[in-house]
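Asker: following is a predicted model, sequence given first.
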Amino acid sequence: MKRIGLLALILLLLLGLAYWVWQGQEEYKDSFAEVEHTQFAVENAREVLHKIFLADKRGNQALFEKQDDGSWTYTNQVTGKVFTPSPNAFNNLMETIEKVRARNRVPAPSVNSVLKGIGSIGVKVELYNKRDEKMRTYYIGGPADAGQATFAVMEGAEVPYMVYLPKFSGSIDTRYTTREEALRDKAMLRLNSKNIRSVEMEYYSPEQRPYSFHIDCNGGEEYELRPLYQMPNGDNVAKGSVKKEYITAYLEEMEFMGAERLIYDAPLRDSIVKTVPFAQMRYEFKDGKKEQLSIYPVINPSYDRGDGRPGLRERVIRYFVDRDEDHFYLAQNLVLQKLLRPYDFFLVTEPPQAPQK
């Protein structure tokens, strides 16, 4: 009886597995395409779509591709450069692709002029599923209905529509932007701190140099902290036991560090990187990949009151941050100061001893 029961249990498990596989392979029914009101939209776009292509009349081309881990990449098809997409821009695009609705057809007397406008300023949209099959091709034009809708037309159609996003006031054409500046992630750092093997901060001014540090991450909250340099007398700038929770918090700050903006100014970058940085942050991942941020202060011109004496304003309120020629940022001191820590920040320093009587 036990043998029969065991065989029955195995059979039930196999049947369950077969049903699960069958469910996973069930053909996706694109019901939205069959309805005039939803013909531009894709239901469950984040799950169904695996590639999105946008192209405008100025020659800009943007390609978004879903990766095996579920993340998405953005490729400037003109330059071939691949970046992490801006979460805000990408989320707006995906929301629009999924929820866009056709309000009504453009009246017959206006069809030709609307089609001409879409042809001159429109953005071509191509949507592909996981089998690389094209699901939609349509064109997004300019604002319609006093800015409360947007002109759009399906490829091959003769009549355009006015489309809109429910519960959104305004035109949706800007959500289909193809500009690299708008589509790139502006984060200087966006990573998983658990994947970091080591990090070090090196300061270059003589006064700050002894406060440079190196951290090795040995798993969990096991860290090794050491200074990169000693004081002129050969001593460390500070002594004490390591505050492991401070190192953990420091690494967590590295998971996201946003910039004020990306800078597209090659001559400016060239002039900045020729100077000595205030600091360089170098970090290595467990897979051996290494990255570096060079940090240059932007001196506040209002710092000096005019009489040669410092005023009440901070001397440095922003920094230029450089990773490479494609990643040059302007960052605020209020944000970056979370990374610009000294060596003794991570130590429980020994209190001074009272003199013996």
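Answerer: Noted; the coordinates are in hand.

Asker: now the helices for this structure?
Answerer: 2-25, 45-48, 87-99, 111-121, 180-183, 244-253, 266-273, 333-336 (DSSP state H).

Asker: what packs against the last one?
Answerer: In this structure, helix 333-336 makes packing contacts with strand 256-258, strand 316-324, judged by 3 or more Cβ pairs under 8 Å, 6 or more residues apart in numbering; DSSP states H and E. In short, each C-beta sits where N, CA and C put it, glycine included.

Asker: of the ones you listed, flag the one that's most buried.
Answerer: strand 316-324 (a mean of 19; mean count of other Cβ atoms under 10 Å).

Asker: check contacts around the nearest residue to Arg341 once chain neighbours are set aside.
Answerer: Closest residue in space to Arg341, ignoring its immediate chain neighbours: Tyr250 at 6.5 Å, by Cβ to Cβ, 6 or more residues apart in numbering. Taking Cβ atoms under 8 Å, 6 or more residues apart in numbering, we find Tyr250 in contact with Ile215, Lys338, Leu339, Arg341, Phe346.

Asker: list the buried residues of stretch 202-213.
Answerer: Using 16 or more other Cβ atoms under 10 Å as the test for burial, stretch 202-213 gives Glu202, Tyr203, Gln208, Arg209, Pro210, Tyr211, Ser212, Phe213.

Asker: make JSON lines out of those and add pLDDT and distance to Ser31.
Answerer: Shown next, in JSON lines, are the buried residues of stretch 202-213 (pLDDT from 0 to 100; distance: Cβ to Cβ, whole Å):
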{"residue": "Glu202", "pLDDT": "98", "distance to Ser31": "58"}
{"residue": "Tyr203", "pLDDT": "97", "distance to Ser31": "61"}
{"residue": "Gln208", "pLDDT": "93", "distance to Ser31": "63"}
{"residue": "Arg209", "pLDDT": "95", "distance to Ser31": "66"}
{"residue": "Pro210", "pLDDT": "95", "distance to Ser31": "67"}
{"residue": "Tyr211", "pLDDT": "96", "distance to Ser31": "62"}
{"residue": "Ser212", "pLDDT": "97", "distance to Ser31": "61"}
{"residue": "Phe213", "pLDDT": "97", "distance to Ser31": "58"}
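
Asker: rewinding a little: redo the helices and strands packed on helix 333-336 as TSV? Include distance to Tyr246.
Answerer: Compiled in TSV, the helices and strands packed on helix 333-336 are given as follows (distance: least, Cβ to Cβ, whole Å):
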stretch	distance to Tyr246
strand 256-258	17
strand 316-324	22
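
Asker: to Leu63, which of the ones you listed lies closest?
Answerer: Ranking the helices and strands packed on helix 333-336 by proximity to Leu63 (Cβ to Cβ) places strand 316-324 first, at 21.5 Å.

Asker: direction included, what does that closest one pair against?
Answerer: Within its sheet, and counting by DSSP bridges, strand 316-324 is paired with strand 290-299 (antiparallel), strand 327-332 (antiparallel).

Asker: picking up where we left off before, compare the helices of the chain and say which comes out lowest on pLDDT.
Answerer: Sorting the helices of the chain by mean pLDDT places helix 2-25 lowest, at a mean of 54.

Asker: quick check: the gap between Met154 and Ala33.
Answerer: When distance is defined by Cβ to Cβ, to the nearest Å, Met154 is 10 Å away from Ala33.

Asker: give me the common contacts of these two.
Answerer: Shared contacts of Met154 and Ala33, counting by Cβ under 8 Å, 6+ apart, come down to Gln39, Arg136.

Asker: which stretches of the stretch 101-250 of the chain form strands?
Answerer: 101-105, 123-129, 134-144, 149-154, 161-164, 187-190, 196-203, 213-217, 223-227, 240-242 (DSSP state E, counting those that start in this stretch).

Asker: CSV for those, including distance to Glu95?
Answerer: CSV is the format used below for these (distance: least, Cβ to Cβ, whole Å):
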stretch, distance to Glu95
strand 101-105, 12
strand 123-129, 14
strand 134-144, 15
strand 149-154, 14
strand 161-164, 13
strand 187-190, 20
strand 196-203, 33
strand 213-217, 37
strand 223-227, 41
strand 240-242, 45
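
Asker: of those strands, which approaches Arg323 most closely?
Answerer: strand 187-190 (7.5 Å).

Asker: what strands flank the closest one, and is each parallel or antiparallel?
Answerer: Partners of strand 187-190 in its sheet, by DSSP bridges: strand 256-258 (antiparallel).

Asker: what residues are up against the nearest residue to Tyr139 once chain neighbours are set aside?
Answerer: Computed as Cβ to Cβ, 6+ apart, the closest residue to Tyr139 that is not its neighbour in sequence is Gly122, at 4.3 Å. By Cβ under 8 Å, 6+ apart, the contact list for Gly122 reads Asp56, Lys57, Tyr139, Ile140, Gly141.

Asker: at 10 Å instead, please
Answerer: Applying Cβ atoms under 10 Å, 6 or more residues apart in numbering to Gly122 gives the contacts 55-57, 115, 138-142, 151-153, 160, 173, 176.

Asker: is His88 in contact with Thr177, as I believe?
Answerer: I think there's a mix-up here, since residue 88 is Asn and not His. No - using Cβ atoms under 10 Å, Asn88 is not in contact with Thr177, being 11.5 Å away.

Asker: which one's more surrounded, the two?
Answerer: Between Asn88 and Thr177, counting by other Cβ atoms under 10 Å, Thr177 is the more crowded of the two (18 against 11).
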